[in-house]
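[1] Give me the fold of what follows.
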Amino acid sequence: NFHSPKDVGWLRINTQPVKTQLMTWTTRWIDMHVACLRQTVIEKLSTLDDFMKQVSKGLDLEVVDGKEGKGALMTVMEDIRDVRKAMDVTLEIFTPLQDVLNCLKAHGSDITLFPKIAEQAVQDYLDEAPLLWDAVVKKTFRKKEEILPMQMREVDAIKADLEEFFLEMRAFRNEFRSQAPFTFTGTPNQAYVMMDKHAVDLLVMENRAKTNNGLEELFELQITKYPELPDTRTELKLLKYVWDIKSLVLGSFESWNSQLWNDIKTDDLERITSTLLKNLRKFANETGVVKGWVVYRSIEDEIKNMAIVLPLVAELHSPAMRDRHWKGLAKVCNVKQVDASDSKFCFEDIMSLKLHEHADDVAEIVETAAKELKIEKKLREIEKQWSTMTLDYVTHNESEMFLIRPSEFVIEGLEGNQLELQTMIGMGKFVDFFR
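    Numbers count the residues shown, from 1 in each chain. Prediction:
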């Protein structure tokens, strides 16, 4: 309790503004809380009253036997279902609502000023509400007994429809497994068209299953679960993701096609390829089911083939490659010619050779070119060495003829070069071009 003014040592404080603000905010919060409780009581009782009137009116609907009475039967069954679902919840709200009214009255709220419910004061209506609800429940059970024969005939018809739908569901599942692009080898765009069709069919089956479950609930039958639907939905999503990956991989590889031969940076391309393969296998490890799909294996093969091709492309950039080697490559790849010196020769041209199918032969050609270059360089060194050597001539003792007398330097060079040439001859096919 703050007296105003309030002295604190040498400081005098006017506490009146603080007290005024505290009272103002306290009053606001009290009013807000009271309004919330008031609205809760009115809304719940109004909703209950509307529901009981609606159900009571629906239960008064006459249900005739035969097809012409099916619509009325469904309407009545919906009301019976709604009452059945609301029974436990409704019985539990009366006591809490009375507690709210008691709380409001205890804190000075005049509940007689609350809006009326069904032309009655809120307290009066709440006192009668349990009896009114009990009357609706009893009326529901009487109506249920009245329409029982028609209900049972409709149940038999529904069971027959459910059996037929079950067979359709199995056929739908089998069709999806056989016709969805799990093994399709066409383009991603074609696969997307196929998946769109299956997605529409799946949505239709899901809606039909939902309708059937609604009928089962309406006629108090056991709710049938259709595992085919979530399984298909899951597989369709995974399949779409796999084809998205394939589209990404093919798009990435196709974007390299325009790179000219001298501009190809295989290190960068190999790094991208390695990342694609790593991400693909990570996805497969998280969702193991895709590993058995042909489309997944096709993506893996595409990336693996590229991983084989790119090192071969790097090796083919070797300066040891000569025209004869490119002709040999053309022969191995069953094409007319491979002209890497052409200014328009690009990545697409080299990919058309399908190097991954001839990896060993290509590697052998590159190795041959490298070995031949070494031999060529050594032969040039020997030729250059001998082009500068000189021979000495001496007079014969018994005649005027001159004899060749090689110097020690020439003899040493001859012996060394003979050894090197013998080594070259032992290199087999790599020396055939120089014979």
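[2] from here on, contacts and neighbour counts on C-alpha atoms
    Will do.
[3] Tell me the helices and strands packed up against the host helix or strand of residue 374.
    Assigned by DSSP states H and E, residue 374 falls within helix 359-387. In this structure, helix 359-387 makes packing contacts with helix 294-316, helix 323-332, judged by 3 or more C-alpha pairs under 8 Å, 6 or more residues apart in numbering; DSSP states H and E.
[4] Give the buried residues for the longest one.
    Looking back up the chat, that one is helix 294-316. Of the residues in helix 294-316, 295-296, 299-300, 302-303, 305-307, 309-313, 315-316 count as buried by neighbour count, 16 or more other C-alpha atoms under 10 Å.
[5] Kindly report the same for stretch 251-259.
    If you call a residue buried by 16+ other C-alpha under 10 Å, then stretch 251-259 has these buried ones: 253, 257.
[6] can you list contacts of it?
    Contact with stretch 251-259 is made by 346-349, as judged by C-alpha atoms under 8 Å, 6 or more residues apart in numbering.
[7] Please apply the same query to stretch 153-169.
    The list of residues contacting stretch 153-169 from outside it, by C-alpha under 8 Å, 6+ apart, reads 205, 212, 215, 219, 228.
[8] Flag every buried residue along it.
    Buried positions in stretch 153-169, judged by neighbour count with 16+ other C-alpha under 10 Å: 154-155, 158, 162, 165, 169.
[9] In TSV, list the residues you listed along with secondary structure, distance to residue 340 and pLDDT.
    Supplementary listing: the buried residues of stretch 153-169 in TSV, determined by DSSP: H, G, I helix; E, B strand; the rest coil; distance: C-alpha to C-alpha, whole Å; pLDDT from 0 to 100:
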residue	secondary structure	distance to residue 340	pLDDT
154	helix	79	92
155	helix	78	93
158	helix	74	94
162	helix	68	95
165	helix	64	96
169	helix	58	96
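[10] residue boundaries of the helices in the stretch 101-250 of the chain?
    Secondary structure of the stretch 101-250 of the chain (DSSP state H, counting those that start in this stretch): helices at 122-146, 148-179, 188-218, 228-255.
[11] now for the ones you listed, which one comes closest to residue 280?
    Minimum separation from residue 280 across these (C-alpha to C-alpha) falls at helix 228-255, 7.8 Å.
[12] can you give me the angle that closest one makes with helix 188-218?
    Between the axes of helix 228-255 and helix 188-218, defined by axes from the mean of the first three to the mean of the last three C-alpha atoms, to 10 degrees, the angle is 170 degrees.
[13] Tell me which of the helices and strands packed on helix 359-387 sits nearest to residue 55.
    Shortest distance between residue 55 and these, using C-alpha to C-alpha, is found for helix 294-316: 55.7 Å.
[14] buried sites along the strand or helix carrying residue 283?
    For residue 283, the host element (DSSP H and E) is helix 266-286. Counting neighbours by 16+ other C-alpha under 10 Å, one finds that the buried residues in helix 266-286 are 266, 269-270, 273-274, 276-277, 280, 284.
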